[in-house]
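**Q** the following block contains a protein sequence and its predicted model.
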Amino acid sequence: MSGDPVITLEDVAVEFEKDQGFLESLFDDPETVGAVDDVSLEIPENDVVALVGESGCGKTTLGKTAIGVQRPTGGTVAYRGQDLWGTRDGDVSGEYEFAEMRRSLQVVHQDPGAALNPNQTVLDSLVAPLKRWETELSVADRRARVHSLLERVGMEPADDYAHRYPHQLSGGEKQRVALVRALLLNPDLILADEAVSALDVSLRVEMMDLMLDLQDEFGTSYLFISHNLSNARYLAEKADGRVGIMYLGELVELGPADEVLRDPKHPYTEVLKWATADLDPDPIVRNPPVRSIDIPDPVDPPSGCRFHTRCPKVVPPTDTDIGQETYNRVMDLRGAVDARTLDREALAATGDADARLAAAGLADLPAPHGDRIDDALSHVASGEWDAAAEALSESYESPCETTPPAVDGRSREHTVACHLYHDHADAPGAGTDLGVETGGTGDRPEGESHGD
Ligand SMILES: Nc1ncnc2c1ncn2[C@@H]1O[C@H](COP(=O)(O)OP(=O)(O)OP(=O)(O)O)[C@@H](O)[C@H]1O
């Protein structure tokens, strides 16, 4: 179904400087937000990729980067194999001009009203891009092209709709006009950024079906962005496309829609699935499959796998013989030590190790973990937070903290950025291959226990 790559993102990163107050800007270095981190993704002709993730995870930034609207701070973006930003910066050695690339990469936003000029009729809004790009068309040709597309999206009689102003259209009609405007230029790729989210539920499916019909007809690819996993699944599955899951700027899972949704591999995808009521989540999992509901600050994201601070399957070090549930509590304790949120005074007032461990919720630890943890708690009681953090890190550092896994966004296979599916350097007998292995079993590395 799909063909040559239209857009190829390689190790793309986008960092923004965070807005600071006037006084802060005088005294502090600017803080940066890593909106997108090290993402590789290939979108072939006539393909659909649906990106899903919580608000602020970088979907829009990645989408804008893919269509040449946002310049990446790292990595490369290629249009049909030609460096897009190099072309923008004046490299004329390639086949395509930058303007041609941009014409071929269109967008439909969540709020079509904002994209339409309230003082222009539908016809005037729609002929404007044709006037600019298809200069050989006569006035009658342009009008005919607009009318035929309006009819194609069900806006009939086209002449009536063509002479309306945006305020005379419903939300669904405005969205159709926005889609027509994107399609008029025969683009290779349309970024549909939350393009159906503002529509009534009943209209969403209709709009997605229309997008799919037109995709077939025009041979356009879609990069569909949604915070809603069911919408993403509907569109990607029907188009035989892929679903990509983003977390804190990273693409953590990517693969055929039905596989990713039926058999999610990344623990974060499981959380999204759990949170999407109409995806029929596992009735046995009553609580969210996550250790903490708080999303870390993107200005200071966790090291390694960014999900490790919340992940209920965070991989214990190979020489640690405690089960998953206990390890999770140790990791939570480490988080509290790092954030200095443990009750130091309560610990200081506690006379003995057993009481300190009980106060930290870790009374039942097998030897030698009790002694190790209490050593760290004693440091906290004395106000030595860094020493406590160091002691805990020495014994309980997870491979998930040290090495960022990545998905292979060029593959059409199901790939996942998770150490449960990768070899990691300190796993027994493991090589140093941290590349993606597809179709992993989810088994823990040998020698590790699974739960208490
Ligand atoms: N122009 C900008 N300047 C500074 N920070 C930005 C800018 N654009 C985005 N960000 C930050 O980058 C991160 C990713 O934002 P982005 O809009 O890409 O996420 P998103 O997943 O699309 O979110 P939403 O679903 O809410 O639109 C956020 O932390 C956001 O605050």
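**A** Looks like it arrived, so ask away.
**Q** report the buried residues of stretch 299-317.
**A** When neighbours are counted by 16 or more other CB atoms under 10 Å, the buried residues of stretch 299-317 are found to be 301-302, 304-317. Just so you know, the C-beta spots here come from the backbone N, C-alpha and C atoms, and that holds for glycine as well.
**Q** looking at those residues, which is nearest the ligand?
**A** Each of the buried residues of stretch 299-317 was scored against the ligand by CB to the nearest ligand atom, and residue 301 proved nearest at 10.1 Å.
**Q** sorry, back to before: in strands only, show me the buried residues of stretch 299-317.
**A** If you go by DSSP state E, the buried residues of stretch 299-317 have nothing in strands.
**Q** what about the spatially closest residue to residue 32 that is not a sequence neighbour, helix or strand, and which?
**A** Once flanking residues are discounted, residue 32 sits nearest to residue 15: 4.6 Å by CB to CB, 6 or more residues apart in numbering. Assignment of secondary structure by DSSP states H and E places residue 15 within strand 5-17.
**Q** off-centre distance for that strand?
**A** Relative to its chain's centre, strand 5-17 lies at 13 Å (CA atoms, centre = their mean, to the nearest Å).
**Q** what strands line up against that strand, and which way round?
**A** strand 32-44 (antiparallel), strand 74-79 (antiparallel) (DSSP bridges).
**Q** does the ligand sit close to that strand?
**A** Yes. Using CB under 6 Å from any ligand atom, we find that strand 5-17 touches the ligand at residue 16.
**Q** so which residue is dead centre in the chain?
**A** The residue lying closest to the centre of the chain (CA atoms, centre = their mean) is residue 246, at 1.9 Å.
**Q** may I have the phi/psi pair for the residue nearest to it when sequence neighbours are not counted?
**A** Nearest non-adjacent residue to residue 246, counting by CB to CB, 6+ apart: residue 53, 3.5 Å away. When read as degrees, to the nearest 10, the backbone of residue 53 gives phi 170, psi 170.
**Q** tell me the pLDDT at residue 53?
**A** If you check residue 53, the pLDDT there is 94.
**Q** doesn't residue 245 make contact with it?
**A** Yes. Counting by CB atoms under 8 Å, residue 53 does reach residue 245; the two are 6.2 Å apart.
**Q** residues that sit against both of those two, list them.
**A** By CB atoms under 8 Å, 6 or more residues apart in numbering, residue 53 and residue 245 have these common neighbours: residue 272.
**Q** out of the two, which sits in the more crowded spot?
**A** Shown here are residue 53 and residue 245; by other CB atoms under 10 Å, residue 245 has more neighbours (29 against 26).
**Q** now do that one against residue 230, distance only.
**A** Computed with CB to CB, to the nearest Å, the distance linking residue 245 and residue 230 is 14 Å.
**Q** A helix includes residue 207, no?
**A** Yes. Residue 207: assigned to a helix according to DSSP: H, G, I helix; E, B strand; the rest coil.
**Q** for the nearest residue to it once chain neighbours are set aside, what are its contacts?
**A** Using CB to CB, 6+ apart and skipping residues adjacent in sequence, the residue nearest residue 207 is residue 196, 4.9 Å away. Counting by CB under 8 Å, 6+ apart, residue 196 touches 175, 203, 204, 207, 208, 226, 231.
**Q** got the residues of the chain near the ligand?
**A** Checking the chain against the ligand by CB under 6 Å from any ligand atom, the hits are 16, 33, 35, 53, 55-61, 227, 298.
**Q** quick one: low-confidence parts of this structure?
**A** Applying pLDDT under 70 to the chain flags residues 1-2, 20-29, 280-285, 423-452.
**Q** as a quick check, tell me the outermost residue of it.
**A** Outermost in the chain, CA atoms, centre = their mean: residue 351 at 47.4 Å.
**Q** which parts of the stretch 151-300 of the chain are strands?
**A** With DSSP state E, counting those that start in this stretch as the criterion, the stretch 151-300 of the chain has strands at 189-193, 221-226, 242-247, 250-256.
**Q** CA atoms of the second one as CSV?
**A** Below are the C-alpha coordinates for strand 221-226, written out as CSV (Å, rounded to 0.1, in the frame of the first residue of the first chain):
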residue,chain,number,x,y,z
SER,A,221,-0.2,10.3,3.7
TYR,A,222,-1.5,11.5,7.1
LEU,A,223,0.4,12.2,10.2
PHE,A,224,-2.6,12.1,12.5
ILE,A,225,-2.2,13.5,16.0
SER,A,226,-4.5,12.8,18.8
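**Q** quick one: strands adjacent to that strand?
**A** strand 48-52 (parallel), strand 189-193 (parallel).
**Q** how far does that strand sit from the chain's center?
**A** For strand 221-226, the distance to the chain centre is 12 Å (CA atoms, centre = their mean).
**Q** and the residue of the stretch 151-300 of the chain nearest the ligand?
**A** For the stretch 151-300 of the chain, CB to the nearest ligand atom, closest residue to the ligand: residue 298, 4.5 Å.
**Q** pretty sure that residue contacts residue 56?
**A** Yes. Using CB under 8 Å as the test, residue 298 is close enough to residue 56 to be in contact (6.7 Å).
**Q** between those two, which is the more surrounded one?
**A** Just comparing residue 298 and residue 56: by other CB under 10 Å the higher neighbour count belongs to residue 298, 19 against 15.
**Q** which ones are touching the more buried one?
**A** Residue 298 sits next to 33, 34, 35, 56, 248, 249 when contact means CB under 8 Å, 6+ apart.
**Q** repeat that for 6 Å
**A** The contact partners of residue 298, taken as CB atoms under 6 Å, 6 or more residues apart in numbering, are 33, 248.
**Q** so how many other residues sit close to residue 143?
**A** By other CB under 10 Å, the residues close to residue 143 number 18.
**Q** domain assignment for the chain?
**A** 1-104+185-300+405-452, 117-184, 324-397 (automatic domain parsing).
**Q** which residue sits closest to residue 210, ignoring its sequence neighbours?
**A** Excluding the flanking residues, the one nearest residue 210 by CB to CB, 6+ apart is residue 153, at 6.1 Å.
**Q** residues near that neighbour, how many?
**A** The number of residues packed near residue 153 is 21, by other CB under 10 Å.
**Q** Provide the contact partners of the one helix or strand residue 123 maps to at residue level.
**A** Using DSSP H and E, residue 123 sits in helix 122-133. Contacts to helix 122-133, defined as CB under 6 Å, 6+ apart, come from residues 103, 116, 137, 142, 146, 161, 162, 164, 177, 181, 184, 185.
**Q** distance between it and the chain's centre?
**A** Its chain's average C-alpha position is 33 Å from that of helix 122-133, according to CA atoms, centre = their mean.
**Q** residue 398 reaches residue 313, doesn't it?
**A** No. Here residue 398 lies out of contact with residue 313, judged by CB atoms under 6 Å, at a distance of 10.4 Å.
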